[in-house]
Each structure stands twice: as structure tokens, then as C-alpha cells.
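1. Have a look at this fold, sequence not included:
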């Protein structure tokens, strides 16, 4: 739930809100209790005020607060301002970080438009505990703030060997290899065939030698 960045070409609504419900003209939807508290008590919005809403499926819509009572707020959907857009089919695989760094990484990856966030557990991963619900909350907050319409899917943590065992060979995989002959990430990406892709970032201590050797043997991997 965040203020929308200035854009003189759009409706003068200052708040942008993610909702789960389908969006269509004249639809009515109830905000959650947390959203009602935010809109009413933090943003000081009331009946008749406008805001932007999106759900990651139906584009961005202008909405009006139709009813605001203590602990309850109802929105009336008015008109679509932006159709739903897609983005590159890029999965972001990463060895989990400590909580504050992980929050920041999730937010920035969402802003950059990845299609999926996939925590993977490597042999040298230090942060063993991952909270997918916290990751999803950070995804929503980042999407509200930066204006994107697509929210990345948040996958459950999985071990790297299990992920690679079930990997579809049609999805190219770039992994951040400190010893790669190509030092430029842009050059590595330019070498990929057209189609779905993924990026794999290892833990702070780097990949285990056996993991690196195993990755380099796979035909769909680029170092």
C-alpha cells in the first residue's frame, strides 16, 4: 500500500493498492482490515476519495471509496487506466540471504520485472530459514510503490540438486560463476537463445566446487 509516483499523464490518484479480487467496471469490493486501517487512518482517505488498484491479472483501475466506516472500507471500481502487461519470462534463483538483505533483494527483483522468485538451498547457504509469506508481502509492497502490474510468483525453498534434477531444458540457466570466461553479465545474457531463461546467484561463500562442476556439465547452463 503505497503512494503512486508522480505521472502527469494519469488520473490524480495518490494511493496505489494491490487487491486479490477480480477487477471490472462497477465492481464492488471490500478492503481487508489492514488495508482499511491503512487507507482510513494512515492515508486519511474517506468516502469519495480515489485510488489506483491492481491485482496482477486485470491491469490497473481507478477506484472510489464508496463506503468508509470504522474498520470497514468498500471500493467501487470505475475504469481501467492501464491494461495488464507481461514481462520477460525470467526466473530468479538465489541462495537465501539474511532477512534484511533478502527483503531488499526481493523488492528490487520485483521492480526489475522477474517472473518468479525461487530460493534454492546450496551446500554453503547460511540462511536456512525462509519465510515465503514475508517474501510475498515484500513483493506486494514493491509492486505498489514502483508501479509495475505483474507480481512475480514466489516459490517455496528447494535444494539446488532437486531443482536441477527437474529442470526443463527449454529454459536456459545463467549462473553467477566467479571463474566464468565471460566476465560481463550482459555478454552472457546476449549469448542465450530466445525463450525462457533463469538466473542463479549463489551464497556469500560461493558455490561448492562439486556444485559448480555439476552445473557446468549441464547443456542448458551458461556460466
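-> Everything's here; your move. The structure displayed is predicted, hence computed values, not measured ones. Numbering: from 1, shown residues only.
2. Domains of the protein: list them as residue ranges, please.
-> Structurally, the chain divides into domains by automatic domain parsing as follows: 2-82, 90-222.
3. any chance of the ones you listed in a markdown table, plus mean pLDDT?
-> Formatted as a markdown table, those follow (pLDDT from 0 to 100):
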| stretch | mean pLDDT |
| --- | --- |
| domain 2-82 | 86 |
| domain 90-222 | 92 |
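4. Any chance of TSV for those, columns mean neighbour count?
-> For glycine as for every other residue, the C-beta is placed from the backbone atoms N, C-alpha and C. Converted to TSV, these look like this (neighbours: other Cβ atoms under 10 Å):
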stretch	mean neighbour count
domain 2-82	16
domain 90-222	16
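5. measure residue 209 to residue 105 for me?
-> Using Cβ to Cβ, to the nearest Å, residue 209 is found at 25 Å from residue 105.
6. What of residue 21?
-> 29 Å.
7. Please apply the same query to residue 60.
-> Note on residue 60: its distance to residue 105, by Cβ to Cβ, is 25 Å.
8. cool, and residue 158?
-> To residue 105, residue 158 is 17 Å away according to Cβ to Cβ.
9. Same question for residue 151.
-> Residue 151 is 16 Å from residue 105, where distance means Cβ to Cβ.
10. go on, residue 178?
-> Distance, residue 178 to residue 105, using Cβ to Cβ: 19 Å.
11. mind listing the strands in the chain by residue range?
-> Assigned by DSSP state E, the strands in the chain fall at 2-3, 15-18, 28-30, 50-54, 60-69, 72-82, 90-94, 116-121, 153-154, 158-159, 172-175, 197-201, 221-222.
12. Can you list the residue ranges for helices in the protein?
-> Ranges of helices in the chain, per DSSP state H, are 33-37, 99-112, 132-146, 160-165, 185-190, 209-216.
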